[in-house]
Structure formats: C-alpha cells, structure tokens
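In: Here is the input, now give the coordinates:
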Amino acid sequence: MTHDGRRRAILAIDTATTRVVIATGSPDGIADGVSTWVAGHRHGETLLPAIGRFLGEQNLRRSRLAGIVVGTGPGAFTGLRVGIATAKGLAHGLGIPLVGVSTAEALIAAASAPDGARIVLLVPAGPSDRIVVRHGEAPRLLPGGTDPELASGERLVAIDLVDRAPAEALAAGELARAGLGAALLAAGAAALGSGRSALETLVPEYVTLPRGARAATGTVAWSRDPR
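Out: Numbering: from 1, shown residues only. Next up is the predicted model:
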C-alpha cells in the first residue's frame, strides 16, 4: 500500500502471542497497514528490522510517527520484554509518547460478537495452565486440568491453545488476532489523545517468569496488578 510519507501516524506493536503484530494508523486510530508473522525465538534480532521494513513499505518515515502503542499482555516473558523494550527505545529516540494497551482487552474488542455475546478470552500460561480474561476484570489463572465456566450469553475465544481448547474457540481466536492491530490502534489513539505517556512507567503483564522469579505461592507471578 502506498501512502504519503509526510502524513502523521501512530505505530502499534504487540509481541504477547506466538505471532508478532505491527500496525500503523492515523492519529485518530484508524488502521491503514498491518503486518504479522510467527514470532519464533528471535524477537530481539528480528523485531526492529521488521518494523523498519514495514514502515518503508508504508512509505512512512519514523520522523512522522506521532506516538507508539504497545501491547502489554498477558503474555510470556521473552516476547513481552522484547516488544516493550523496542517500543520504549523507539519512543525515547524519537521523542514521542508511548502508551500501553492490554493485549487481552484488545483481543476481546476485536472478537466482539455480532449477537452481543460476552467474550471470554483464554490464553496459555505455560505448558498446562491457562489464563481466563473477561472485559474489565483481572486475568485469572486456570490450573491445568480445569475448564473455564461459561455463563449464559458468554462465548469462548482461545489464542495459542491448539489441542487445549475447542475448535470453535480457536477459530474465533484467529479472527480476533486478525483484528488485533486495529484494536490496539483504536485503544491507543484514545490514550494518546488524552496527552499521557507511559514511557517511564510501562510494565508488562507476564503469565510466566524465568526460573527463580516465580511467586512463592506457585501461582502466576504477575509483574503488576493486572487490573
């Protein structure tokens, strides 16, 4: 897609799932370009060059960025750390504001059901546990071997849980992930429009931490209160 390189834009970055998502949009949050790829194990080597290539494809100079939006998770340690560090480095170097948006809340927004069903998001937390997220509520640990309890009018959407969630929920998850970039931009534009920046205070919502950094209770060691 060809764009006017003189336009102002915002950039969204998310590395909370197994697929990296980057997107650009207008300052009012309307997406005009999205790129996604399987994260693999080389976030630190590939993310910044990929952003540079993507901006080039969009005919958008870094100097024209008005702000950056980054997904804060919940997600695994390595991916979130690299994504947020990259976003902070870009924002600091360019002297532009940075805001964080819950990846889970953005996925829920992207998965909004036409029948008005309430979305219940399910994401992995290690090899056996899972995390349940409902809009406006704190993420909750679901220990391995237990299934989420759904109330009437709720619909399950699952991300990165092949063989660990119903096929219908996995299909809905892929549709939600396709809309993640646009949802991050929409939420991020509203936050940027308020004039606030989280460059110095932004932290991720980890679902798992490196060995030795796990909470003494054995529960999910969040980096902060996830509400």
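In: Can you give me the neighbour number for P27?
Out: 16 (other CB atoms under 10 Å). The way it works is simple: take the backbone N, C-alpha and C, and place the C-beta from them, glycine included.
In: Am I right that it falls within a helix?
Out: No: checked against DSSP: H, G, I helix; E, B strand; the rest coil, P27 lies outside a helix; its state is coil.
In: so it makes contact with I10?
Out: Yes: counting by CB atoms under 8 Å, I10 is a contact partner of P27 at 6.0 Å.
In: Can I get the lengthiest helix in the chain in CSV, CA atoms only?
Out: When the chain is parsed with DSSP state H, its longest helix is helix 77-94. This file holds the C-alpha atoms of helix 77-94, laid out as CSV (Å, rounded to 0.1, in the frame of the first residue of the first chain):
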residue,chain,number,x,y,z
PHE,A,77,8.4,-13.2,29.5
THR,A,78,10.7,-13.1,26.4
GLY,A,79,8.2,-11.8,23.9
LEU,A,80,6.7,-9.1,26.0
ARG,A,81,10.2,-8.0,27.3
VAL,A,82,11.5,-7.5,23.7
GLY,A,83,8.3,-5.9,22.4
ILE,A,84,8.1,-3.4,25.2
ALA,A,85,11.8,-2.6,25.2
THR,A,86,11.7,-2.0,21.5
ALA,A,87,8.7,0.3,21.8
LYS,A,88,10.3,2.2,24.6
GLY,A,89,13.6,2.6,22.7
LEU,A,90,11.8,3.9,19.6
ALA,A,91,9.6,6.3,21.6
HIS,A,92,12.6,7.6,23.6
GLY,A,93,14.8,8.0,20.5
LEU,A,94,12.0,9.8,18.5
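In: outside of it, which residues touch it?
Out: In this structure, residues lying in contact with helix 77-94 by CB atoms under 8 Å, 6 or more residues apart in numbering are 11, 13-17, 20, 39, 41, 43-44, 47-48, 51, 62-63, 65, 67-68, 70-73, 97-98, 100, 197, 199, 202-206, 208-210.
In: Just those residues: which are in helices?
Out: Short answer: the contacts of helix 77-94 in helices (DSSP H) are H43, G44, L47, L48, I51.
In: Can you tell me which of those residues is nearest Q58?
Out: I51 (10.5 Å; CB to CB).
In: List the contacts of the closest one.
Out: L11, I13, I22, T86, L90.
In: I am finished for the moment; much appreciated.
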